[in-house]
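1. Mind folding the following:
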Amino acid sequence: MRFVPMLGLAVFAACLTVGQSAALAESTDKGKAAYMQHGCWQCHGTVGQGGVAGPKLAPDPIAIERFMQFVRTSSRTMPPFMEAVLSNDDLADIHAYLASIPKGPDAKDIPLLNQ
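-> Numbering: from 1, shown residues only. Coordinates of the predicted model:
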């Protein structure tokens, strides 16, 4: 008799996990689209690797709170992006996209670099 409630709880937990994974995938897809649409890639590279004008953003972007504050109030080379131009949801999705970018291989693990 105790097995049935435990099974129900396990199924519920599995559904939550699958739902969160789907939401995260959707968020990163939206974030990549917003990153490209708003021109972030022009200075920071297509996968946040950094470029001539912008620093590296990924992998491991700064905390979301600092990220949002900087984007909104930047007084450096990058112009600030007000909420009317880039919504908080889009900005959170961009952060999710940057956080989803995997780390590249270590240089010692690339045979061509170790000849």
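2. Lowest mean pLDDT among the helices and strands, pick that one out for this structure.
-> When each helix and strand of the chain is scored by mean pLDDT, DSSP states H and E, helix 3-37 comes last, with a mean of 62.
3. What sits closest to Lys30 if chain neighbours are left out?
-> Leaving aside its chain neighbours, Lys30 sits nearest to Asp93 (4.3 Å; criterion: CB to CB, 6 or more residues apart in numbering). C-beta here means a position set from N, CA and C on the backbone, and glycine is covered the same way.
4. how about the helix or strand harbouring that neighbour: buried residues?
-> Element membership of Asp93, judged by DSSP states H and E, is helix 88-100. In terms of neighbour count (16 or more other CB atoms under 10 Å), helix 88-100 has its buried residues at Asp90, Leu91, Ala92, Asp93, Ile94, His95, Ala96, Tyr97, Leu98, Ala99, Ser100.
5. quick one: the fourth one and Lys32, what's the gap?
-> Read that as Asp93. From Asp93 across to Lys32, the span is 8 Å (CB to CB, to the nearest Å).
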